[in-house]
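Q: Return a 3D structure for these sequence lines:
(one chain, ligands or ions: 1)
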Amino acid sequence: MRQFEYQRVSTTSDASQAAAHHGSAFIAGGTNLLDLMKLEIETPIKLVDITRLELQQIETLEDGGLRIGTLVTNSDLAAHPAVIANYPVLSRALLAGASGQLRNKATTGGNLLQRTRCYYFYQTDSACNKREPDSGCPAIEGENRALAILGTSDSCIAQHPSDMAVAMRLLDATIETQKANGDTRSITIKDFYRLPEDSPHKENVLEPGELITHVTLPAPLKGMHTYDKVRDRASYAFALVSCAAVIDKDETGKLTTVRLAFGGIGTEPWRDEAAEACLVGTMGDKDAINKAADTLLKDAKGSGQNDFKIVLTRRVLKQIIERACSTQGA
Ligand SMILES: Cc1cc2nc3c(=O)[nH]c(=O)nc-3n(C[C@H](O)[C@H](O)[C@H](O)COP(=O)(O)OP(=O)(O)OC[C@H]3O[C@@H](n4cnc5c(N)ncnc54)[C@H](O)[C@@H]3O)c2cc1C
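A: The predicted model follows:
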């Protein structure tokens with residue numbers, strides 16, 4: 001690990017100012033950043049420790065929504081009574097990720113910003129456009145079983161690894177930040193991540209020194225909440241394909257709400273409102289499911305080893321819609 005300066009801060013403005021200079025990084029739970037530093041994939045010259053900031057609270061908002069401090073751990077968020085009662089999809093997504101020990105350290109902001117698990121990103125003797133811009137992407141013709149089929153480019157096919165972010169995308173979360181100049185802003189999660197295009201090292205819209213302070217969830221959604229995660233092992237493995245869903249229907253069985261967000265298949269947490277619209281107002285029949293899957297996957301591109309994800313995603317979508325349609329009260 002390279003040497004670095006360390007600064008612990010106690011206010012959000014100190015934090016964003018301290019990290020304003022190029023080469024600085026915030027450290028929260030450290031469960032991703034420290035691994036990357038040990039491998040010298042990330043080499044910050046200064047670490048700004050934000051763990052003492054007063055950002056560990058979860059507040060209920062007037063509209064029934066939630067405002068989550070960035071330092072709320074994944075364990076505390078999953079176990080919070082309001083999350084279990086009103087946002088079970090989020091609780092389930094969190095509990096499907098990592099291990100208990102990691103979730104006790106991992107934070108809300110850190111989870112959103114965790115880096116990809118692409119093999120070549122970690123393999124420092126390989127080229128990788130995300131790690132080293134313009135060096136190439138051996139994954140496209142190499143080991144790509146775990147990698148993305150949607151949102152990819154000729155420069156990068158690395159998947160976004162987070163489970164929590166998939167549920168946040170489904171729920172239309174908003175990310176609140178504080179910039180180094182003291183300004184604050186709210187960014188919808190839809191606008192937060194960047195597709196790789198020809199700059200895969202730029203993964204989100206944050207500026208240097210911009211601190212995530214909170215994540216806000218709109219009022220809860222009625223209906224069946226589920227998070228299905230297909231992976232190589234039953235626990236402690238990243239998603240091959242995952243799907244967060246909230247589905248509601250009327251007394252005749254007609255689907256009135258369909259929200260679907262996917263993990264493991266996109267270069268960012270993936271949601272396609274046009275695919276959802278194919279199911280709203282239907283009885284969730286085979287034709288509607290096929291139309292939704294065709295819409296979702298129309299631009300999907302396998303790279304060889306990960307071609308199976310196209311078929312698997314269809315199956316996961318079908319399984320969830322059929323379950324919602326056959327579940328009483330969903
Ligand atoms: C073995 C293993 C298995 C895992 N399995 C899964 C899994 O199945 N599913 C899953 O979703 N995740 C999994 N993870 C990843 C884990 O969830 C993340 O490492 C964790 O959520 C990161 O949170 P952290 O607080 O530790 O972030 P850190 O490591 O502290 O930081 C991560 C990044 O976020 C930045 N950052 C942190 N907080 C802020 C902030 N407030 N504002 C701006 N920038 C910030 C840091 O600078 C850094 O770039 C796994 C990790 C490991 C090691």
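Q: Gln3 - how many residues pack around it?
A: For Gln3, the count of nearby residues is 6 (other Cβ atoms under 10 Å). C-beta coordinates here come from the backbone N, C-alpha and C atoms, glycine included.
Q: What of the one 3 residues further on?
A: A count of nearby residues for Tyr6, using other Cβ under 10 Å, gives 9.
Q: Find the residue closest to Tyr6 in space, skipping its chain neighbours.
A: The shortest distance from Tyr6 to any non-neighbouring residue, by Cβ to Cβ, 6 or more residues apart in numbering, is to Leu47 (5.2 Å).
Q: again with Glu203
A: Once flanking residues are discounted, Glu203 sits nearest to Arg194: 6.1 Å by Cβ to Cβ, 6+ apart.
Q: got a list of what that neighbour touches?
A: Contacts for Arg194 were tallied using Cβ atoms under 8 Å, 6 or more residues apart in numbering; they are 202-205, 268.
Q: And it, how far from Ala20?
A: 21 Å (Cβ to Cβ, to the nearest Å).
Q: And the residue of the stretch 101-250 of the chain found nearest the ligand, which helix or strand is it part of?
A: Nearest to the ligand in the stretch 101-250 of the chain, going by Cβ to the nearest ligand atom, is Gly110, at a distance of 2.2 Å. Using DSSP states H and E, Gly110 sits in helix 108-113.
Q: ok, now Gln7?
A: Per DSSP H and E: strand 5-8 holds Gln7.
Q: and that strand, average pLDDT?
A: Computed over strand 5-8, the mean pLDDT rounds to 98.
Q: Partner strands of it, with direction?
A: In the sheet, strand 5-8 lines up against strand 46-49 (parallel) (DSSP bridges).
Q: Now the partner strand: buried residues?
A: Judged by neighbour count (16 or more other Cβ atoms under 10 Å), strand 46-49 contains these buried residues: 47-49.
Q: what's the answer for stretch 52-64, then?
A: Buried residues in stretch 52-64, counted by 16+ other Cβ under 10 Å: 53, 55, 58.
Q: Kindly report the same for stretch 271-281.
A: Buried residues in stretch 271-281, counted by 16+ other Cβ under 10 Å: 271-272, 275-276, 278-280.
Q: In helices, which of those residues appear?
A: Members of those lying in helices (criterion: DSSP state H): 275-276.
Q: quick one: which of the buried residues of stretch 271-281 is nearest Asp125?
A: The closest of these to Asp125 turns out to be Arg271 (Cβ to Cβ; 35.9 Å).
Q: quick one: contacts for the residue nearest to that closest one when sequence neighbours are not counted?
A: Closest residue in space to Arg271, ignoring its immediate chain neighbours: Ala261 at 4.3 Å, by Cβ to Cβ, 6+ apart. Residues in contact with Ala261 (Cβ under 8 Å, 6+ apart) are 166-167, 169-170, 243-245, 269-271.
Q: how about the closest residue to Val215 other than its chain neighbours, secondary structure?
A: Nearest residue to Val215, sequence neighbours excluded (Cβ to Cβ, 6+ apart): Ile68, at 4.7 Å. With DSSP: H, G, I helix; E, B strand; the rest coil as the basis, Ile68 sits in strand.
Q: Just grab the bridge partners of Ile68 for me.
A: Note on Ile68: beta-bridge partners by DSSP bridges are Ile58, Val215.
Q: Tell me which residues touch it, please.
A: By Cβ under 8 Å, 6+ apart, the contact set of Ile68 is 58, 77, 108, 214-217.
Q: Tell me the residues of the stretch 151-300 of the chain that contact the ligand?
A: 161-164, 211-212, 238 (Cβ under 6 Å from any ligand atom).
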